[in-house]
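A.B. asks: I would like to see how this sequence folds:
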Amino acid sequence: MTKYSKIGKICDDFDLVQLKSVLIKNDAGDWGNEPDNNAIGIIRSTNFNNDGKLDLTNVAYRTLSVRKLEEKKLSVSDILIERSGGSETQPVGRVAYITEEIAKNDFAFANFIQRISIDDTIDSKFIYYCLQHLYEMGITSGMQTQTTGIRNLDWKQYIGTYLPKPSLPEQASIANILSKVDEAIESVKKSIEAAEKLKKSLMQNLLTGRMKPDGTLRKDDEFYVDEKFGKVPIGWDVKKVKEIFYINRLSLSNKTDDNYKFKYITIENVSTEHIDFANCQEFLFKNSPGRARRYIISNDILISGVRPNLKAFAIYQRPDSNEWICSTGFHVLTAKDKVSPQFFYYQILSSIGESQFYSFVAGSNYPAIGDSDMKRMLLLVPPYDEQKNISKKIEDVLFYQKQKKEKIETLERLKKSLMQNLLTGKVRVGEEGKKGE
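C.D. replies: Here you go, the predicted structure:
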């Protein structure tokens, strides 16, 4: 007889278990009172991530009564479920598992969160992965009810869910495999975070000239004092943007052939350091009357000077054989001779350019920065070879981050496949060591 759990068809060797039948704890949290010297960390919805992990960097601290603290203190192997909250794009039902590392710090949980504990007939981490898979499959979105704008998980329906139940050894093996993938993902994320700190340090020190491209620091006698930037390396100049770049040099003429085809980058298609080429629309010139059009070439810097994405900018690299045009809401910076656009892109991205940029923004109802202000922004200009060497240092870190992000994507795809196949018994592990059908 075919067996179906809430996460799909399961193999013949697996049993089914109703979630509520294995619960030994099933309680809502408590928000407590204003914090005092006995305050404890309270985990709430904002601490949940969609991947089944908790972000505990912004935990709220509240005071619970002695009785409530005893009741609501979290223990190893507890599972938390977001019972209320969510949004149109994020259903309730996110889950988290309390590890030894989390439990040793003494946390409780808020009133919109439900805590469950599992009896010893089933592996709690196996159940956690089943519930996480339930969320990732979008099944909890069908268990939502909504009152006064708040989404609530239909708890009776949720705990009435039937889940797969392999043998205990196989449950433990499955949970262990998925845990190992999670650990690998977390390890890569930490390496990305370390690279991000390195990037910020390099941008702060290389772009200001405090550090040379070879990693050594400049001495005091290797600087001169500029009234705008303070200490500037000897051999570096201070120039206006218009001296380094052509600004808005190329636009489509009104006499352009009506059948000229192009793809169009709008303000909404650009976020800082990224252009969303996939969602750019294609037009014929004759079908885009009145649309402002600015021609761009590879290595142009696109800086949004108007809302909604004020200061969202990126370096354009032609992604395909199409002709690409952008909105006149962008300031398009085209490098002159002996200029590394990447170096100045990073400099504008850093605090050097940011403070100036926002000082030029005018208007409260429709904030914007005009061409004349953009042209007079001041930048530090090292010799051309040094520009290239500094850019290379920063790009190496960015490339490393990109590789690591791709690795995370690969691991996340692997985990998703393993969850579907292992949790349902399509692929077998443990003592049997067999493959399901």
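
A.B. asks: separation between residue 341 and residue 102?
C.D. replies: To residue 102, residue 341 is 46 Å away according to Cβ to Cβ, to the nearest Å. Just so you know, the C-beta spots here come from the backbone N, C-alpha and C atoms, and that holds for glycine as well.

A.B. asks: In contact with residue 125, which residues?
C.D. replies: 77, 97, 175, 179 (Cβ atoms under 8 Å, 6 or more residues apart in numbering).

A.B. asks: next one: phi and psi at residue 115?
C.D. replies: phi -110, psi 130 (degrees, to the nearest 10).

A.B. asks: Pull the number of nearby residues for it.
C.D. replies: 23 (other Cβ atoms under 10 Å).

A.B. asks: Please list the residues outside stretch 155-165 that contact it.
C.D. replies: Applying Cβ under 8 Å, 6+ apart, the external contacts of stretch 155-165 come out as 4-7, 10, 14-20, 23, 26, 81, 83, 93, 114, 116, 122, 127, 130-131, 134, 140, 143, 171, 423-425.

A.B. asks: Any of those residues buried? List them.
C.D. replies: 5-7, 10, 14, 17, 19, 23, 81, 83, 93, 114, 116, 122, 127, 130-131, 134, 140, 143, 171, 423-425 (16 or more other Cβ atoms under 10 Å).

A.B. asks: among these, which are in strands?
C.D. replies: Among the buried ones among the contacts of stretch 155-165, the members falling in strands (DSSP state E) are 5, 10, 17, 23, 81, 114, 116.

A.B. asks: May I ask which two of the residues you listed are separated the most?
C.D. replies: Put simply, by Cβ to Cβ the two of those set farthest apart are 10 and 114, 25.3 Å from each other.

A.B. asks: if I pick the closest residue to residue 106 other than its chain neighbours, what's in contact with it?
C.D. replies: Nearest non-adjacent residue to residue 106, counting by Cβ to Cβ, 6 or more residues apart in numbering: residue 40, 5.8 Å away. Each residue near residue 40 by Cβ under 8 Å, 6+ apart is listed here: 32, 61, 62, 63, 64, 69, 73, 106, 107, 108.

A.B. asks: Pick the one among those residues closest to residue 280.
C.D. replies: Closest approach between those and residue 280, by Cβ to Cβ: residue 107, at 45.3 Å.

A.B. asks: List phi and psi for that closest one.
C.D. replies: Backbone torsions of residue 107, given as degrees, to the nearest 10, read phi -120, psi 150.

A.B. asks: looking at the sheet around it, what are its partners?
C.D. replies: Judged by DSSP bridges, the bridge partners of residue 107 are residue 41.

A.B. asks: ok, which stretches of the chain are helices?
C.D. replies: 66-72, 100-103, 124-136, 155-159, 168-206, 241-244, 341-349, 351-360, 371-376, 384-423 (DSSP state H).

A.B. asks: rank those helices by pLDDT, which is bottom?
C.D. replies: Among the helices of the chain, helix 351-360 has the lowest mean pLDDT, at a mean of 78.

A.B. asks: quick one: contacts of that helix?
C.D. replies: 204, 207-208, 229, 311, 347-348, 369-370, 373-374, 377-380.

A.B. asks: Mark which of those are buried, thanks.
C.D. replies: 207, 208, 311, 347, 348, 369, 373, 374, 377, 378, 379, 380.

A.B. asks: Just to check, the second one is in contact with residue 382?
C.D. replies: Right, the one you point to is residue 208. No. Judged on Cβ atoms under 8 Å, residue 208 makes no contact with residue 382 at a distance of 10.4 Å.

A.B. asks: how far away is the residue nearest to residue 422 when sequence neighbours are not counted from residue 142?
C.D. replies: Nearest residue to residue 422 in three dimensions, chain neighbours excluded: residue 174, at 4.6 Å (Cβ to Cβ, 6+ apart). For residue 174, the distance to residue 142 equals 25 Å [Cβ to Cβ].

A.B. asks: what about these two, which has more around it?
C.D. replies: The neighbour comparison of residue 174 against residue 142 (other Cβ under 10 Å) goes to residue 174, with 27 against 10.

A.B. asks: Contacts only, for residue 349.
C.D. replies: 203, 272, 273, 313.

A.B. asks: CA atoms only for stretch 70-89, dumped as PDB, please.
C.D. replies: Taking Å, rounded to 0.1, in the frame of the first residue of the first chain, the C-alpha atoms of stretch 70-89 are listed here in PDB:
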ATOM      1  CA  GLU A  70      11.700  27.900  34.500                       C
ATOM      2  CA  GLU A  71       8.900  27.100  32.000                       C
ATOM      3  CA  LYS A  72      10.200  28.900  29.000                       C
ATOM      4  CA  LYS A  73      14.000  28.400  29.100                       C
ATOM      5  CA  LEU A  74      15.100  26.600  26.000                       C
ATOM      6  CA  SER A  75      16.800  23.200  26.100                       C
ATOM      7  CA  VAL A  76      19.000  21.300  23.700                       C
ATOM      8  CA  SER A  77      16.800  19.600  20.900                       C
ATOM      9  CA  ASP A  78      13.900  22.000  21.400                       C
ATOM     10  CA  ILE A  79      12.300  23.000  18.100                       C
ATOM     11  CA  LEU A  80      10.900  26.600  17.600                       C
ATOM     12  CA  ILE A  81       8.200  27.300  15.100                       C
ATOM     13  CA  GLU A  82       7.100  30.800  14.000                       C
ATOM     14  CA  ARG A  83       3.400  30.600  14.700                       C
ATOM     15  CA  SER A  84       2.300  34.200  14.000                       C
ATOM     16  CA  GLY A  85       3.700  37.000  11.800                       C
ATOM     17  CA  GLY A  86       4.900  36.400   8.200                       C
ATOM     18  CA  SER A  87       4.000  38.500   5.200                       C
ATOM     19  CA  GLU A  88       2.700  38.200   1.600                       C
ATOM     20  CA  THR A  89       6.000  36.800   0.400                       C
END
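
A.B. asks: one step back: from the contacts of helix 351-360, which is closest to residue 267?
C.D. replies: residue 311 (11.0 Å).

A.B. asks: Show me the strands in the stretch 251-400 of the chain, by range?
C.D. replies: 261-265, 270-271, 274-275, 281-284, 294-295, 301-304, 313-315, 324-326, 330-335, 378-381 (DSSP state E, counting those that start in this stretch).

A.B. asks: on that earlier part again, isn't the residue nearest to residue 422 right next to residue 128, touching?
C.D. replies: No. At 11.2 Å, residue 174 and residue 128 do not qualify as touching, with contact defined as Cβ under 8 Å.

A.B. asks: Show me the common contact partners of these two, please.
C.D. replies: Residues touching both residue 174 and residue 128 by Cβ under 8 Å, 6+ apart: none at all.

A.B. asks: rewinding a little: tell me how far the residue nearest to residue 106 lies from residue 24.
C.D. replies: 23 Å.
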